[in-house]
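In: got a predicted structure plus its sequence, pasted below:
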Amino acid sequence: MARITLDKLAHSYLPAPKSDADWALKEMTHVWEDGAAYALLGPSGCGKSTLLNIISGLLAPSQGRILFDDADMTHAPTTARNIAQVFQFPVVYDTMSVRDNLAFPLRNRGRDPAYIAERVQAIARMIGMEDQLDRKARGLTADAKQKISLGRGMVRRDVNAILFDEPLTVIDPHMKWELRTQLKSLHREFGHTMIYVTHDQTEALTFADRVVVMHDGRVVQIGTPEELFETPEHTFVGYFIGSPGMNVLPARVEGTRAYIEGAEVELAHGYPALSGKVEIGVRPEFARLSATEGLPVRIRRVEDVGRHKIVRAEFFSHEINIIAREEDRIGADQTRVRFDPDRVNVYADDWRVSGEAA
Amino acid sequence: MDKPTNHKAWFLVLPVLVLVAFSAVIPLMTVVNYSVQDTFGNNRFFWAGLEWFEEMLRSERMWNALGRQLIFSATILAIEVPLGIFVALNMPKRGVWASVCLVLMSLPLLIPFNVVGTIWQIFGRVDIGLLGYTLDRLGINYNYTQNAVDAWITVIVMDVWHWTSLVALLCYAGLQSIPDAYYQAAKIDQASRWKVFRYIELPKMAGVLMIAVLLRFMDSFMIYTEPFVVTGGGPGNATTFLSINLVKMALGQFDLGPAAAFSIMYFLVILLISWVFYTVMTNLDRKGG
């Protein structure tokens, strides 16, 4: 096991990248602590898989270094890194039995047969395939194959890290939950460094201690699920995490007051003069309807999603979402929205600005 | 429940029946007809029963041709299949060079059979052929018109030159269908090059490889044009394969009865061997895979 350090790492698939957009992975410096469970969250095409393949050595970065503890591994081949990786689509060796599939990584490293047998048995129990060990992998269902792939990823106990590249995409929802729970308990038991790539926020937030949010080739925020929810450092995090995402409204900020289309919004902190694109962000959870105070809005629609209601409102052409409790009555007179001042974040050019105590 | 019956539907099948009758059934039955009759000319035929079949089964000439044929097919399969796989594995996966390779590889397949024969016939000549002349100059005694071994080597090398691309192209198609993730997973699992071939590439190629082997077997077992152009079946009968023998008998000597009987047996042998091949390989595939 090892601490993995990315030092000024960047990657481009083009031989001579020029503009910012040519870089699939913008320069980043980041440390993956030994034994932590990370989720790498972001939409498709944001560079998550690229980053993962660079860590496992399947791809050589265009610039920067990768360190395992203190050893420079930037140009070390995959086999020298002792890393396990599980891919999005199941990779099984069709002509081998399930048992041979699980034993394959250990046999290739010349481990002792008794040890291999014991590990295979343990992993088979974990993925629930003990009774199918002797059948051929060919002809198994996609989720059984993916369970084998997961098992092969976890069969080695001494790996530096286990990387998961959206491993549960092909698994049905019930099994998904079960496997995720098992991965989590496996992590608690053995303390492997785990990096779990996903574009599903629920998966990321339930699996990881720390979530790394990526957007457009850049890491925009690293934090606990709570931090990501309460203080998104970038408007993208606000928008990507949460359902619906954070309301982001263009504003003018003066001291402890923000003005949206001329209407005043109270802030809990004071801000210096800001330049560039200034916006305020507030989560739908911290907005509520009122008859007397706040921004005058036009309510377009109310969606009842069971546990709560989502109110879709409009303020000048800006959409504002509000989450109301199930028992809240929404009257015709409630045409104003009030934001909780403590929960309003201010953004300049998409990045959060922290205010001073007012 | 009563189903409505409409016999007019038969008319829709008629064109196919007529086509198949004229292209396959009638010619085949003509051959069957000849195989059980004898003639003394003037288009008068007599019933001969299975006499021709018995004669063919006793004919040493036939058995020798069959032996040569089997050795020839086995040899070219043993060379072309591994060589084709090797070439496919070493072809570039993408880019301009992949296209260049594909075009170069398909060139031999586009040349008419008798032209291939002519090319090698000239190529191997000691007086004007590049190959024959060079070998002769190097002091190697090479003459495919007089030496049986040289004739065999020429015919086999020619077939390898002509058909290895087919095996290679089929295998290449099989290899191209393997997702990158398999190779990446193999790296993570620390699989050796041999294991990548044995457990990833070979299983994924198995389907096309079986088609390649069947095609090459059937084609080589029926080979006629190229050796006929190069050696004419000689020297002596050294490269007289089954079909060359058949044509000599049917058109050279005009022994229609024995030739017809032999044709039928020839056809059955190809059918039988192909069927055995297919069954064994699909079974292996199911058991091994």
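Out: Great, that's in hand.
In: all helices for chain A, in order.
Out: A:48-56, A:78-81, A:98-108, A:113-127, A:142-154, A:173-190, A:201-207, A:225-230, A:235-240 (DSSP state H).
In: contacting residues for the closest residue to chain B within the stretch 201-350 of chain A?
Out: Residue of the stretch 201-350 of chain A nearest chain B, by C-beta to the nearest C-beta: A:Glu203 (19.9 Å). (C-beta placed from N, C-alpha, C; glycine too.) By C-beta atoms under 8 Å, 6 or more residues apart in numbering or on different chains, A:Glu203 lies in contact with A:39, A:168, A:176, A:180, A:196.
In: correct me if wrong: the second one contacts A:Glu178.
Out: Same thing as A:Leu168. No: here A:Leu168 does not reach A:Glu178: they are 10.2 Å apart, not a contact under C-beta atoms under 8 Å.
In: please say which of those two ends up with more neighbours.
Out: A direct count of neighbours by other C-beta atoms under 10 Å in any protein chain shown for A:Leu168 and A:Glu178 places A:Leu168 higher, at 24 against 13.
In: what's the pLDDT at the residue nearest the centre of chain A?
Out: Residue closest to the average C-alpha location in chain A (C-alpha atoms, centre = their mean): A:Leu41, at 2.1 Å. Listed pLDDT for A:Leu41 reads 88.
In: partner residues bridging it?
Out: In this structure, A:Leu41 bridges to A:Thr198, A:Val213 when assessed by DSSP bridges.
In: identify the residues contacting it.
Out: Contacts of A:Leu41 by C-beta under 8 Å, 6+ apart are A:48, A:198-199, A:201, A:204, A:211-214, A:240-241.
In: got those residues as JSON lines, with pLDDT columns?
Out: Shown next, in JSON lines, are those (pLDDT from 0 to 100):
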{"residue": "A:Lys48", "pLDDT": "85"}
{"residue": "A:Thr198", "pLDDT": "87"}
{"residue": "A:His199", "pLDDT": "84"}
{"residue": "A:Gln201", "pLDDT": "83"}
{"residue": "A:Ala204", "pLDDT": "85"}
{"residue": "A:Val211", "pLDDT": "90"}
{"residue": "A:Val212", "pLDDT": "90"}
{"residue": "A:Val213", "pLDDT": "90"}
{"residue": "A:Met214", "pLDDT": "89"}
{"residue": "A:Phe240", "pLDDT": "87"}
{"residue": "A:Ile241", "pLDDT": "86"}
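In: and the two most separated of those residues?
Out: Maximum pairwise distance among those (C-beta to C-beta): 15.1 Å, between A:Lys48 and A:Ile241.
In: looking at the two, which is more packed in?
Out: A:Lys48 (24 against 21).
In: for chain B, what spans make up the helices?
Out: B:10-20, B:26-35, B:51-58, B:60-90, B:96-110, B:113-123, B:130-137, B:148-176, B:180-188, B:193-196, B:202-221, B:225-230, B:242-247, B:256-288.
In: give me the residues contacting the fifth one.
Out: For helix B:96-110, the external contacting residues (C-beta under 8 Å, 6+ apart) are B:87, B:91-92, B:116, B:161-163, B:165-166, B:168-169, B:172.
In: for that helix, the distance to its chain's centre please.
Out: 21 Å (C-alpha atoms, centre = their mean, to the nearest Å).
In: of the contacts of A:Leu41, closest to B:Arg216?
Out: Closest to B:Arg216, out of all of these and judged by C-beta to C-beta, is A:Lys48, at 46.1 Å.
In: contacts only, for that closest one.
Out: A:40-42, A:165, A:197, A:199, A:214.
In: residues from the stretch 151-289 of chain B in reach of chain A?
Out: In this structure, the stretch 151-289 of chain B approaches chain A at residues B:179, B:181-182, B:184-185, B:187-192, B:195, B:199-200, B:203, B:288-289, judged by C-beta under 8 Å from any C-beta of the partner chain.
In: put the buried members of these into a ChimeraX selection.
Out: Only the buried entries of those go into this ChimeraX selection, using 16 or more other C-beta atoms under 10 Å in any protein chain shown:
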select /B:181,182,184,185,187,188,189,190,191,195,199,200,203
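In: residue contacts, the residue of the stretch 151-300 of chain A found nearest chain B?
Out: Relative to chain B, the nearest point of the stretch 151-300 of chain A is A:Arg152 (6.7 Å; C-beta to the nearest C-beta). A:Arg152 makes contacts with A:84, A:86, A:101-102, A:104-105, B:185, B:189, as judged by C-beta under 8 Å, 6+ apart.
In: the residues you listed into CSV, with extra columns for distance to B:Glu51 and pLDDT?
Out: Formatted as CSV, the contacts of A:Arg152 follow (distance: C-beta to C-beta, whole Å; pLDDT from 0 to 100):
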residue, distance to B:Glu51, pLDDT
A:Ala84, 73, 88
A:Val86, 71, 89
A:Asn101, 61, 90
A:Leu102, 65, 91
A:Phe104, 63, 91
A:Pro105, 68, 90
B:Ala185, 65, 90
B:Asp189, 66, 87
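In: of those, which is the nearest to A:Arg329?
Out: Of these, the one sitting nearest to A:Arg329 (C-beta to C-beta) turns out to be A:Val86, at 48.8 Å.
In: beta partners for that closest one?
Out: A:Phe164.
In: contacting residues for it?
Out: Taking C-beta under 8 Å, 6+ apart, we find A:Val86 in contact with A:149-150, A:152-153, A:162-165, A:167.
In: ok, now with 10 Å
Out: Applying C-beta atoms under 10 Å, 6 or more residues apart in numbering or on different chains to A:Val86 gives the contacts A:146, A:149-154, A:162-168, A:183, A:196-197, B:185, B:188.
In: selecting buried members of those residues in ChimeraX, what would you type?
Out: Remark: buried members of the contacts of A:Val86, expressed as a ChimeraX selection using 16+ other C-beta under 10 Å:
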select /A:146,149,150,151,152,153,154,162,163,164,165,166,167,168,183,196,197 /B:185,188
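In: residue ranges with poor pLDDT in the chain?
Out: Since no chain was named, I'll use chain A. In the predicted model, chain A carries pLDDT under 70 at residues A:1, A:357-358.
In: meant chain B actually
Out: B:1, B:285-289.
In: tell me, what residue is most central in it?
Out: Note: chain B centre (C-alpha atoms, centre = their mean) maps to B:Asp219, 1.6 Å.
In: and that residue, how far from B:Thr225?
Out: Relative to B:Thr225, B:Asp219 is positioned 11 Å away (C-beta to C-beta, to the nearest Å).
In: now A:Arg288, nearest residue through space, not along the chain?
Out: In space, and not counting its chain neighbours, A:Arg288 is closest to A:Arg338: 5.9 Å by C-beta to C-beta, 6 or more residues apart in numbering or on different chains.
In: the one you found: neighbouring residues, count only.
Out: A:Arg338 has 17 neighbouring residues, counting by other C-beta under 10 Å.
In: how close does it get to A:Arg300?
Out: Per C-beta to C-beta, A:Arg338 is found 18 Å from A:Arg300.
In: return the residues in contact with A:Glu319.
Out: Applying C-beta under 10 Å, 6+ apart, the residues near A:Glu319 are A:244, A:247-249, A:297, A:300, A:312-313.
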